[in-house]
Every structure is written in structure tokens, then in C-alpha cells.
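Trainee: From the sequence below, what's the structure:
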Amino acid sequence: MAIFPTLSAAFAINKNLSIGAGFSWGIVSVEFAQMAEAVSPIRTEPDDFSNDIKTKLQGMDAFVPGLVASVLWSPTNRLDLSGWFRYSDDIKTSVDLRAQANYYTSAGQVNETAINSAANITEVANAGTFRLPNPMEARLGFRYHHPRKGRNPQQRWVSKHAGWARDAMSQDLFDVEVDLTWAHNSQVDAV
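Mentor: Numbers count the residues shown, from 1 in each chain. The predicted structure is shown next:
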């Protein structure tokens, strides 16, 4: 589970150009579980589930800082161009390990007796570290909006801030938008 609350602000330099920036504080909880055979049977024999070990890694990174930045430019009253960029630090945490031996019976059922036995449970706090890069992202958007003809009723705040505020629902007949996204996902080649 991950949440990235972001606090941002924007400033209109003029009627056609606005910039924005923000800070995000990510909180990430990681949990991974895996089953593994302690002893593998000979290929011709059926799987012996009674040798399976369930392992679980858990950790939490309560501070994953990040930044966002954006720009909105309207070179004409019908065209908007925008750009957006996000960077977040890597997710880094120490993890606790819990291993449960003989997790299943040979019939493949959960072995309640064995998995609750202290002899079959290994728990290690701070067993290792977990690190996951957070891919950078960038977006670029182009929007054409075709204005309605004639007088249109507008919200009071649009009329009050004429030229600085827009209401696409009352002022535009239609719009067409194209968005491009790049994410540096290749830096996450393994977990």
C-alpha cells in the first residue's frame, strides 16, 4: 500500500502562462509472501507439499519525499499546452522476516498444527533491507478547445475574472486533447 499526499501551489505569471510546484510525502507499506520447497522431490515423484515453507517480508517507509512541477501555456484562446514532471525518492526500508516451515500437509491442506508450532516458526526483526526505485514521470498535453458562438451563461466567478478564468462547460462547444506520458520504468528491473 502506498499513499503520496501532495501539497502544491500555482501562480499565473500572466493570462497565458501559469507555473506550479509541489512537495509530496509518500508513506509506503510493503509486504511480500512466497512459498518455497525446502526439499525438492525427484522429478518423477509427485510434489510433497509437507516440505513447503512460507516466508513473508514486511516493512514500512514513512517518508518518501518527492517533487512535482508543471507549466500551462495558452498561446491562443483555443490552444493549451501543458507539461508536468514528478520525481520521488526511492522506497527504502528494513524488513522483518517470518518463515513458517511445514506449511502444508502432504495432501496440500494448511497444516494448522505445524504452522502454529514455535518449532516451525522463524521470526527475525530487521532481517534485511528493501529498496525500490520510484520511476520519474513526465507528461506533455495538447488541448484544442472550440468556443461556443453567441452569448453563453457563465458562472459568476468566470464573468468576474474575465480573461483570467475559464469555464470549459459553458464556453466551449467541444475540445480535443492529446496527452503523452513518459515513465522511467526501466529502472525497476527487479524487486
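
Trainee: list the contacts for the nearest residue to residue 17 once chain neighbours are set aside?
Mentor: In this structure, residue 17 finds its nearest non-sequential neighbour in residue 73, 5.3 Å apart by CB to CB, 6 or more residues apart in numbering. C-beta coordinates here come from the backbone N, C-alpha and C atoms, glycine included. Residues counted as contacts of residue 73 (CB atoms under 8 Å, 6 or more residues apart in numbering) are 16-17, 80-82.

Trainee: Residue 56 too?
Mentor: 31-34, 97-99.

Trainee: filter the residues you listed to the buried ones?
Mentor: Buried subset of the contacts of residue 56 (neighbour count, 16 or more other CB atoms under 10 Å): residue 99.

Trainee: For residue 182, state which of the contacts of residue 56 is nearest.
Mentor: Nearest to residue 182 out of those is residue 32 (CB to CB; 28.2 Å).

Trainee: Now do the SS call for that closest one.
Mentor: What DSSP: H, G, I helix; E, B strand; the rest coil gives for residue 32 is strand.

Trainee: Is it correct that it is in contact with residue 54?
Mentor: No: taking contacts as CB atoms under 8 Å, residue 32 lies outside contact range of residue 54: 11.3 Å.

Trainee: Spit out the residues that contact these two alike.
Mentor: With CB under 8 Å, 6+ apart, residue 32 and residue 54 have no common neighbours.

Trainee: residue ranges for the strands of this protein, please.
Mentor: 2-3, 6-14, 17-37, 52-76, 79-88, 91-100, 121-132, 137-147, 172-183 (DSSP state E).

Trainee: Alpha carbons of the last one, as PDB, please.
Mentor: In this case it means strand 172-183. Output of strand 172-183 as PDB, limited to C-alpha atoms (Å, rounded to 0.1, in the frame of the first residue of the first chain):
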ATOM      1  CA  ASP A 172     -16.500  25.500 -25.200                       C
ATOM      2  CA  LEU A 173     -18.500  23.700 -27.800                       C
ATOM      3  CA  PHE A 174     -16.000  20.800 -27.800                       C
ATOM      4  CA  ASP A 175     -12.400  20.000 -27.200                       C
ATOM      5  CA  VAL A 176      -9.800  17.600 -28.400                       C
ATOM      6  CA  GLU A 177      -6.900  16.600 -26.100                       C
ATOM      7  CA  VAL A 178      -3.700  14.600 -26.700                       C
ATOM      8  CA  ASP A 179      -1.600  13.500 -23.800                       C
ATOM      9  CA  LEU A 180       1.900  11.900 -23.900                       C
ATOM     10  CA  THR A 181       3.400  10.200 -20.800                       C
ATOM     11  CA  TRP A 182       6.900   9.000 -20.200                       C
ATOM     12  CA  ALA A 183       7.800   7.000 -17.200                       C
END
